[in-house]
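Q: only geometry, no sequence info:
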């Protein structure tokens, strides 16, 4: 089955524009009426809009001779749910905080998504790294959509006194903007390398897959720890201690105006660096891993 490009009625930009309009309408109606029965609509539209659009973008820009829409849908739904469930079970054993915990979270979540990807593609014919990128992205974006819906609901209940629609909307906007550079990107890289190393139409865990898994886990950990890194950079540049202030919502950092500016620049700059590394890595896998056992071009053996 050959995928249609942008002429398809479900092309990515149509889905995005219609979905965005529906989400905005849901937020406005919920705010005006105070009808919090609409909250699930706001959460689902806001959490799934960008991930679904991103998967359709991949399909609009790549005609696969082997993948079908059902395969990609299975990756998004089944793979995403399995990844979230597996990561939740493993992360429930983690205690404390700090850099090591952040690294472990990255290792666990990327490992859970890799196992979920293996489950949904095990019986598929694997001939192209680009098919692997699409399937990996589908699993990753399914994971991201479900995770974002959880964060949105948590934000809704962030103020014990009342439900906070504003916090929910802010959370969904932020995660929606960052979504293309997170889970879908990292699992897309893993999927491309996994498919590139297939033999006899079956995937296998090569050393390149394992090294890539460790690499995307590190990117994930850097992403999750960026606020801490930004605080450290702020302290180094300004040389002024950061104050902690207790509020009804918990303890927060109180920056001076100079510190706030440095912190924002450091955090956004850090996210940008991690994003660029991930995008360039995906492009490398896409261009050089199409039909090679070694997706990084070290050995040019045909799969």
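A: That came in fine, so what should we check first? Here the structure is a predicted model, which is why all the values come from computation and not from measurement. Numbering: from 1, shown residues only.

Q: I'd like the mean pLDDT over the lengthiest helix in the chain, please.
A: Counting by DSSP state H, the longest helix found in the chain is helix 257-288. Taken as a whole, helix 257-288 has a mean pLDDT of 92.

Q: Please give the centre-to-centre distance between it and its chain.
A: Its chain's C-alpha centre and that of helix 257-288 lie 14 Å apart, by C-alpha atoms, centre = their mean, to the nearest Å.

Q: One more: stretch 137-147?
A: Here the centre of stretch 137-147 is set off from its chain's centre by 6 Å, with C-alpha atoms, centre = their mean.

Q: and what of stretch 80-97?
A: Per C-alpha atoms, centre = their mean, the centroid offset for stretch 80-97 relative to its chain is 15 Å.

Q: again, but for stretch 212-223
A: Put simply, stretch 212-223 sits 12 Å off its chain's centre (C-alpha atoms, centre = their mean).

Q: remind me which residues of the chain are low pLDDT?
A: Applying pLDDT under 70 to the chain picks out residues 1-10, 95-98, 126-127, 160, 201, 242-254, 289-303.

Q: which residues does residue 179 contact?
A: Contacts for residue 179 (C-beta atoms under 8 Å, 6 or more residues apart in numbering) come out as 50, 51, 54, 141, 144, 148. Every residue, glycine included, has its C-beta placed from N, CA and C.

Q: how close does it sit to residue 53?
A: 9 Å (C-beta to C-beta, to the nearest Å).

Q: now do residue 101
A: According to C-beta to C-beta, residue 101 stands 32 Å off from residue 53.

Q: Repeat that for residue 147.
A: 17 Å.

Q: can you give me the helices for the stretch 1-150 of the chain?
A: Applying DSSP state H, counting those that start in this stretch to the stretch 1-150 of the chain gives helices spanning 12-33, 39-60, 69-74, 80-91, 99-121, 129-156.

Q: Contact partners for the residue nearest the centre of the chain?
A: Taking C-alpha atoms, centre = their mean as the criterion, residue 183 is the residue nearest the geometric centre of the chain, at 2.3 Å. Contacts for residue 183 (C-beta under 8 Å, 6+ apart) come out as 109, 113, 140, 141, 143, 144, 147.

Q: Quick check: the farthest pair among the residues you listed?
A: Between any two of those, the greatest separation by C-beta to C-beta is 13.7 Å, found for 109 and 141.

Q: returning to what we had before: does the longest helix of the chain pack against any helices or strands, and if so which?
A: The contact analysis (3 or more C-beta pairs under 8 Å, 6 or more residues apart in numbering; DSSP states H and E) places helix 257-288 against helix 129-156, helix 183-196, helix 207-224, helix 226-238.

Q: which one of residue 101 and residue 53 has more residues nearby?
A: Taking other C-beta atoms under 10 Å, residue 101 and residue 53 do not tie; residue 53 has more neighbours (23 against 16).

Q: Is that one in contact with residue 17, as I believe?
A: No - between residue 53 and residue 17 there is no contact under C-beta atoms under 8 Å: 9.4 Å.

Q: which ones are touching the residue nearest to residue 256 when sequence neighbours are not counted?
A: Using C-beta to C-beta, 6 or more residues apart in numbering and skipping the chain neighbours, the partner closest in space to residue 256 is residue 240 (6.3 Å). Residue 240 makes contacts with 256, 258, 259, as judged by C-beta under 8 Å, 6+ apart.

Q: again, but for residue 140
A: Residues in contact with residue 140 (C-beta under 8 Å, 6+ apart) are 83, 113, 182, 183, 184, 185, 186, 187, 188.

Q: now residue 209
A: 190, 193, 194, 197.

Q: Which one (most neighbours) among the contacts of residue 240?
A: With neighbours taken as other C-beta under 10 Å, the top of those is residue 259, carrying 20 neighbours.

Q: can you tell me how far that one sits from residue 285?
A: 39 Å.

Q: So what's the residue count around the residue nearest to residue 87 when sequence neighbours are not counted?
A: Nearest residue to residue 87, sequence neighbours excluded (C-beta to C-beta, 6+ apart): residue 112, at 4.1 Å. The tally of other residues near residue 112 (other C-beta under 10 Å) stands at 22.
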